[in-house]
Structures are given as structure tokens and as C-alpha cells.
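Asks: turn this into a model:
(2 chains)
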Amino acid sequence: DTGVSQDPRHKITKRGQNVTFRCDPISEHNRLYWYRQTLGQGPEFLTYFQNEAQLEKSRLLSDRFSAERPKGSFSTLEIQRTEQGDSAMYLCASSLGLAGARKDYEQYFGPGTRLTVT
Amino acid sequence: LAKTTQPISMDSYEGQEVNITCSHNNIATNDYITWYQQFPSQGPRFIIQGYKTKVTNEVASLFIPADRKSSTLSLPRVSLSDTAVYYCLVYNYGQNFVFGPGTRLSVLP
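Replies: Numbers count the residues shown, from 1 in each chain, chains lettered A, B, ... in the order given. Down below sits the predicted model:
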């Protein structure tokens, strides 16, 4: 399977704990995105990387959230001191964002990590 | 980023053609129109993208009038497996996606 993979698929944690999610994008894709989705809503953009550089971070994103993509391949999203409001599906997507190709409109999403904070 | 408006939900029957219209009155010259489909417990999946007139692929057609202030996603002969949420996005290269609540399509037998 050469699609986007995410790990874990489900995570239950207690309020105040830290959690980390991993995303493995499609290998040749240079752009990687993180989204958060709650029930009945569309995905909400969190941040994105081009290669290893984090180019944009949503203004709505709390300082408790941090993301890395150390070698331009996989990425991790960490949430510190989780709150019940962080309960959501966390989606990762990747795309080929080359200027000449203009293919970054076609994002490939992973299955998501469902986080439940109790 | 241009704001989009689409119906919250639609019902259809198997075998019918479904048209979902999206309004994007403040679309910019360089913006493209992109549609995604999402099944429960899965990430969204790209369906089709267009700039003007008509685009067709193996899954759907996208109709965009000359003023580009709206677009219509057309799904031919839907089946039960087309029950999903459909998102219309207005997008420019290098911008980030802004998903609205989408249109929840229910296909009935």
C-alpha cells in the first residue's frame, strides 16, 4: 500500500497527558498537511510542511500543538497537556507541490487518528 | 480565500443523476474549484478540479459558468456507495484548503 498512513488509528488519553501522532506520506510527495476534524464539520487546517520546512501554522492552533517533519519524510504531531476540546479526528494529507506541476490541489489523505480525551 | 456555500444535505435514489451546486461569489481570477468526497471514518478523497466551462473524468463532471461565481458537481447514475459528504473548495496554488461543512448526500435504494 503506497497511500498515506497514520499511527495510531485510535488514541484514548486522560486530560493533561501528552500525545504524539505519526504520519507517513506518499514517498514522492514533498508537501504534508495536518488537519483536525470534529463531528459534522469539514477538516480544519492546522499546519503544513514543504519538505522539512513548516511553512504555515493556523492562527487558531494553540501553543500546545507542535509538528515536525525532521527529514522531509514522515511527520509527527504532538499535543501537550491535552484538553477535552482536543478530542477530534486528526488527518494527515500529502501532495506533490512542485511549482511546475501545480498538483498540490490533489491532496491524498490518510485514514486519520481519532483522539478521545477523557 | 473565497467563501463557498453549498446545501447541507441532499437525497437521491439509485440510478439518478445528482447535481450539487456550490456558490463562490468572490472567487478570484487565479482560483480553481476543487471537489472532495468523504466517507465516514475516512479522509477526504479528491474528485475533480476545474477552472472554467466543463471538466469530466471517470467519476464526475464539473460545470462552471462563464462568471465562475458558482459550480455544479454532477454525479451520473449514483449508487448506494456514493453516499458521502461532498466538499466544494475554492483554491489557488500555494494556498491552504478551507473546508466548509460540505453537502451530505444520501442515496436511497
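Asks: wait, residue B:47 sits on residue B:35?
Replies: Yes - Residue B:47 is within contact range of residue B:35, at 4.5 Å (criterion: C-beta atoms under 8 Å). Where you see a C-beta, it was placed from the backbone N, CA and C, and this is true even at glycine.
Asks: looking at these two, which one has more neighbours?
Replies: Comparing residue B:47 with residue B:35 by other C-beta atoms under 10 Å in any protein chain shown, the one with more neighbours is residue B:35, at 25 against 19.
Asks: and the more buried one, what are its bridge partners?
Replies: Beta-bridge pairing for residue B:35 (DSSP bridges): residue B:48, residue B:88.
Asks: now residue B:70
Replies: Beta-bridge partners, per DSSP bridges, of residue B:70: residue B:23.
Asks: tell me who's in contact with it.
Replies: B:21-24, B:64 (C-beta atoms under 8 Å, 6 or more residues apart in numbering or on different chains).
Asks: what's the closest of those residues to chain A?
Replies: Closest approach between these and chain A, by C-beta to the nearest C-beta: residue B:22, at 12.8 Å.
Asks: which one is that closest one nearest to, not counting chain neighbours?
Replies: Of all residues not flanking residue B:22 in the chain, residue B:88 sits nearest, at 3.4 Å (C-beta to C-beta, 6 or more residues apart in numbering or on different chains).
Asks: that neighbour contacts residue B:72, doesn't it?
Replies: No - counting by C-beta under 8 Å, residue B:88 does not reach residue B:72; the two are 9.6 Å apart.
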